Each structure stands twice: as C-alpha cells, then as structure tokens.
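In: Got a predicted model here, sequence first, then my questions.
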Amino acid sequence: MIVRRSAAALAAAVAVLGAAVSAVAAPSPSPSAQLPDGLYGTGDPTYDGVWRQSLTLLAQTEQNVVPATEAVDWLAGQACANGAFASYRPDPAKACDAKTMLDTNATAAAVQALTATGGREKVAGKAVTWLKSVQNKDGGWGYNPGGASDANSTSVVIGALVAAGEQPDKVVKGGKSPYDALLTLALPCAGKDAGAFAYQPDKSGKLFANADATAAAVMGSLGEALAGTNATEDKASPSCAEPGDRERAAANGASYLAGALAQDKHLMSSMPGAEDQPDFGNTADAVIALAAAGFGEQAAASAHWLESNALTWAAQSGPAAYAQLVLAARAGGIDPRAFGGKDLVALLNATGPAPAEASPAQSAGTKDKENEKNEDDEGVSVWWIVGVGLVGGIGIGFLISARRKPRP
C-alpha cells in the first residue's frame, strides 16, 4: 500500500463502488495534463489527493523547505465551506453538497499541513471545528463522519488537534475523549499479539491485532502528529503491562511493533492473489511510532532496512511514499538528504511545484529522471487492490486486515 490510511480509504471505496467489478474498470490514472496546478504527483488523486499533498507539505516543512505557495493554496482550496475536506475535489469552485464524501483522515492531515506551513489558520480552524462536530460518542472518529470509530482515523485526528493547539483529552463526546476510544482498541497482554491495537472490533466485538493500526495508535496515544519526532535513546521497556492509561497502551503497542520487526527489520503485506511481500509504507509508519515511543534502536534498525530497500518502491509510488521515507529517516536517525545514496527531499520536491525556498544542497524543481520514469505508476496500487477485492468478493474486514499484518 502507498500510505497508512489506505485500508480505511479502500473500505470507503468499496462502500461507494459496491460489489460490481465494472465499477472499478472505468477509472484510470488521470493524465498529468488534467491534474491541477499545485498538486504533487501524477497518479489519480481521487482517493489520496489531499492526503499525499498534506504529507508532502509536512515532510518539506520538517526539512526546513518552504513549500510552493501554489501547493499550499491548492490544499487550502480543497476545503468545503463547513471546514471539512474530501479525499479530493476535482472542481473546488463547485460547492460541497450531500453527495460529497467528507473524509476525517484528509481533513485531519490537511489541518496538520496547513498549521505547519502557516498562514492558513482560518481554514485549519474551521476544519478542527468540523472534526469536533462529527466526533463519535465513544470519543473517536471513523473514516467518514458517522462511521464506527477506528484506530487510524482517531489517531490522525488527535494529531490535528495537537497541531492546532487543542488538548485531546478535553475534546469529549458522551463523556469520552479520543484517548478513551483508543484504549478500547488495545489488546490485552496475552498471546503473540500482546499489546497490539486493532483497527476496529469485528462484528462480534473481538479485537484482532493490526500492525498499521498499532503504529497509528501508538502515535495517537502519545499525542503525536504525523510528522513524528527525532529518534531518542532507548528508554522503553519491551514488556507488556495492562494498559490502564494511554502512555502504557502506547508502550505496549510499540513493544508489539518492535517484536514484529525484530527478525527481518520490516513488516510484511499479504495481498489477495499475490505472494507475501515487504510492506514499505507500514514499516515506515512503524519506525516513526517506535521512535516516538522511545524504541530508538529498533527504529534505527528498520530505518536502515528501508534505506537499503525502499527507494524503488518510493519512485513507483510517488510523493506520499517519499514523504513517509523522509519522516522515517529522520525518526531513525538518518539524514533524509543522504538516504541510500539519494536525496529524498530533492526527490520529493521534484514530484510537483518547486518549493519557494530549499536548502542549497537541493536541486529544487529539477525532475529526478528515475523518479520521473516511475511516477506515473502512483495510482496503480489502490485500483489493483480494490479490483482484486471486488473480484474475489472479499469484504471490508479483509481489506482492513490485509492492510498490514495487518499492516504488519
């Protein structure tokens, strides 16, 4: 998968598209000429336009790159009048209506990016107000407003609240905060999945470990935003203790991730009809979460694995993948500008409008030939997996679980 949010996005896509295979046969990656000015990447932005733009701006800002004004303007212009964002609006001049699929993940990511870049406080503030208005009674958020709370959506909203200067523990609905919602998704300290988080309970209420949801929930439980933090010395215990509070739950989740990464330094992804293969995006997410939780040694080991193995994936996947690697490299103690012999920041910048300011080490605005050659493949993963899912008649639950070890 390209980015952490993909399971929720695919679940929403299945809900919209239904079970008809013909529904996924028509769309195809949009030609570059049809994409709006200011948007990063050349793949079809239908399901990840706002998300990949937000990750790009966050990674650039974290690396002291001033993003292009047109890129920030494009993101801000995606907001609906009520403050919410959809995954992508091809015609921002057309007002949002009841048919517009509003997206809490896109909204929360946009808040973080617009807050980081500055100058769009009113847009970010309206988005936060909207997020609060669609909070569930258990304290969490689903991918779309009104949907059941999940670990990933709740965590990315926590990051938005923190970025906007809010205190998540005081953002309550029905007496519950988002931290309370995450605690209900934490698995007990028993068995091989001790300490992990589930994406959502299954229909019977049972929790199943999901590595991607765990990485997200570790960040959310710690009150961390998507950009994460620098690696620190090891200070965390690998043991699991019953999660009485969010900090303990985060430590348990990080311990589970460290165990999942211990042998091969990466997580695996199992897709229908395909052999198991490394999941680069989930591994990057895990690195960021481990660093935030104080598992510096494990974060560094997996960051170095990404350095040796993930560049081709990023070139094929586009800006969101490059942004993930930038953030994971920083979290794992590696200079993103010297990552496997490549400058990740320059490669990221080359996928869209040249930054307003970049460090002298970067050749901003110059397309890297390797990246340019593979960038058009960016939209393939989402459509392939949706197609396979519909052809095979699998349900949303499988898409969620397949998204990493589930996101392992």
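Out: In hand now; what should we look at? Please read these numbers as outputs of a predicted model, since none were measured by experiment.

In: Which residues are in contact with Val247?
Out: For residue 247 the amino acid is Glu, not Val. Residues near Glu247 by CB atoms under 8 Å, 6 or more residues apart in numbering: 221-222. Any C-beta I mention is one placed from the backbone N, CA and C, and that applies to glycine too.

In: at 10 Å what do you get?
Out: Glu247 sits next to 179, 221-223, 293 when contact means CB atoms under 10 Å, 6 or more residues apart in numbering.

In: likewise Lys94?
Out: Applying CB under 10 Å, 6+ apart, the residues contacting Lys94 are Thr100.

In: where does it land in three-state SS?
Out: coil (DSSP: H, G, I helix; E, B strand; the rest coil).

In: With Ala81 as the reference, measure out to it.
Out: 11 Å (CB to CB, to the nearest Å).

In: for Asn210, same thing?
Out: Distance of Asn210 to Ala81, computed by CB to CB: 35 Å.

In: from memory Pro300 sits against Gly333, does it?
Out: I think there's a mix-up here, since residue 300 is Ala and not Pro. Yes - the pair Ala300 / Gly333 is scored as a contact, 5.1 Å apart, by CB atoms under 10 Å.

In: Show me which of those two is the more surrounded one.
Out: Between Ala300 and Gly333, counted using other CB atoms under 10 Å, the more crowded position is Ala300 (19 against 16).

In: And the next helix or strand past the helix or strand where the more buried one lies?
Out: Assigned by DSSP states H and E, Ala300 belongs to helix 296-309. Next in sequence after helix 296-309, counting helices and strands by DSSP H and E, comes helix 311-317.

In: helices or strands up against that next one?
Out: Packing partners of helix 311-317 (3 or more CB pairs under 10 Å, 6 or more residues apart in numbering; DSSP states H and E): helix 280-292, helix 319-331, helix 344-349, helix 369-374, helix 380-391.

In: how about the CA coordinates for that helix, as PDB?
Out: This file holds the C-alpha atoms of helix 311-317, laid out as PDB (Å, rounded to 0.1, in the frame of the first residue of the first chain):
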ATOM      1  CA  LEU A 311      13.800   3.600  -2.900                       C
ATOM      2  CA  THR A 312      12.400   1.700  -5.800                       C
ATOM      3  CA  TRP A 313       9.000   1.500  -4.000                       C
ATOM      4  CA  ALA A 314       9.000   5.200  -3.400                       C
ATOM      5  CA  ALA A 315       9.900   6.000  -7.000                       C
ATOM      6  CA  GLN A 316       7.000   3.900  -8.200                       C
ATOM      7  CA  SER A 317       4.600   5.200  -5.600                       C
END
